[in-house]
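sequence unknown, structure follows:
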Ligand code: GLA
């Protein structure tokens, strides 16, 4: 894909581009915890966005997207929220301009194989790839965390999703065969190997496009803030759900709607689960780790309400199978993928089981991706 994208760029723009590879991500556990100052356990994967990009000595940016086969142009003098995929690029350019970093016109070809709306963070990959490309071209000297924060701000201000930092972080910090535990509060992180040669990471795409995701995502965030506010009246030191425990939440139960209570209940438990899960992973206990993934799914489905019947069905199928250590909905939810840890020698059998049962139930075949953990954004000079 890298070579093809480069050739297409040369064909369209008649010069040599800079190539940037920008991956999607998985998250093993720790969902909807990042914006509550909690922990997450993501990794970058082999699904990616590819940029071919070069300056054009104008104040105009021309972007050709291979997946829609269209070229969209915008002027650097008029960068504002705009419908469509170009919004993600314009958001990044706007954030760079806001910080006084120089941006000049560029031509670019954008290709990729991250399914959109599948919970694998195609948007963070678009953002992170462009920040890294422009940082390289203009020698801004940004570090990777600064780049991630710029991508996150772009997402907040242009598409308007008040996302946490996990996706942009994972996209820019990934390392081959390593998972990362990120502290959403301090932004400190550690790498450790995901060393389970007997298991594969299998993503099952429900093919439900998570269109509710942005509006409902922001609602979840507000509900968590509402819970924190109530707890703060008794415990002023509590700044986020990271600082809260179930006792504190139960003290204010009567003041909260049952939905807000359930949301906070899930998040408090999930933040602890990531800690427990990390310890299990370091011990090599994938079976117990998998049980925690199922517990996360239960919480995301019943308490946080970001699952859907199709995703619940995929997880119930996983539960029937001995070769699966654990499974759950991954990412923001409302559609997209489940992540499954599956015995390597049984993957084929599992995939055909999932496909046929899902087809019977919903009349459509889920796409399945057996994925591997890869490097974060890479510049190919
Ligand atoms: C989306 C957001 C992340 C995170 C997940 C849920 O992917 O971009 O910041 O909140 O949802 O864990």
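Okay, I see it. Values in this document were obtained by computation on a predicted structure and should not be read as measured data. Numbers count the residues shown, from 1 in each chain.

the ligand contacts on the stretch 151-300 of the chain?
Neighbours of the ligand within the stretch 151-300 of the chain, by C-beta under 6 Å from any ligand atom: 163-164, 166-167. Heads up, the C-betas are built off the backbone N, CA and C, glycines and all.

let's see 8 Å
Taking C-beta under 8 Å from any ligand atom as the test, the list of the stretch 151-300 of the chain residues beside the ligand reads 152, 155, 161, 163-168, 213, 217.

out of those, which two sit at the greatest distance?
In those, two members sit farther apart than any others by C-beta to C-beta. They are 165 and 213, at 17.1 Å.

please, where are all the strands along this structure?
Defined through DSSP state E, the strands belonging to the chain, from first to last, are 18-27, 39-40, 42-55, 60-65, 70-75, 106-112, 178-183, 189-193, 199-205, 324-329, 337-343, 367-371, 378-380.

to residue 143, which of the ones you listed lies closest?
strand 189-193 (12.9 Å).

given the closest one, what are its sheet partners and their directions?
Here the strand partners of strand 189-193, with direction, are listed using DSSP bridges: strand 178-183 (antiparallel).

hang on, the earlier thing: lowest-confidence one in the residues of the stretch 151-300 of the chain next to the ligand?
Scanning these for pLDDT, the low point is residue 213. It has 64.

got any ranges where the stretch 101-250 of the chain has weak pLDDT?
When the per-residue scores of the stretch 101-250 of the chain are filtered using pLDDT under 70, the ranges that remain are 211-213.

rerun at 80
In the predicted model of the stretch 101-250 of the chain, residues 210-214 satisfy pLDDT under 80.

which stretches in it count as helices?
122-138, 144-157, 166-173, 213-234, 246-251 (DSSP state H, counting those that start in this stretch).

now do the longest one: distance to the chain's middle.
So the one you mean is helix 213-234. Taking C-alpha atoms, centre = their mean, to the nearest Å, one finds the center of helix 213-234 at 20 Å from the center of the full chain.

likewise the second one?
The gap between the average C-alpha position of helix 144-157 and the chain average comes to 13 Å, counting by C-alpha atoms, centre = their mean.

and for the first one?
Taking the mean of its C-alpha atoms, helix 122-138 sits 15 Å from the chain's own mean (C-alpha atoms, centre = their mean).

what helices or strands is that helix leaning on?
In this structure, helix 122-138 packs against strand 18-27, strand 42-55, helix 86-98, strand 106-112, helix 144-157, helix 166-173, strand 378-380, with contacts taken as 3 or more C-beta pairs under 8 Å, 6 or more residues apart in numbering; DSSP states H and E.

report the separation between residue 160 and residue 153.
Applying C-beta to C-beta, to the nearest Å, the value for residue 160 to residue 153 is 12 Å.

got the angle for the biggest helix by length in the chain vs strand 18-27?
As far as residue count goes, and with DSSP state H defining each element, the longest helix of the chain is helix 258-283. Angle of helix 258-283 versus strand 18-27, following axes from the mean of the first three to the mean of the last three C-alpha atoms, to 10 degrees, is 110 degrees.
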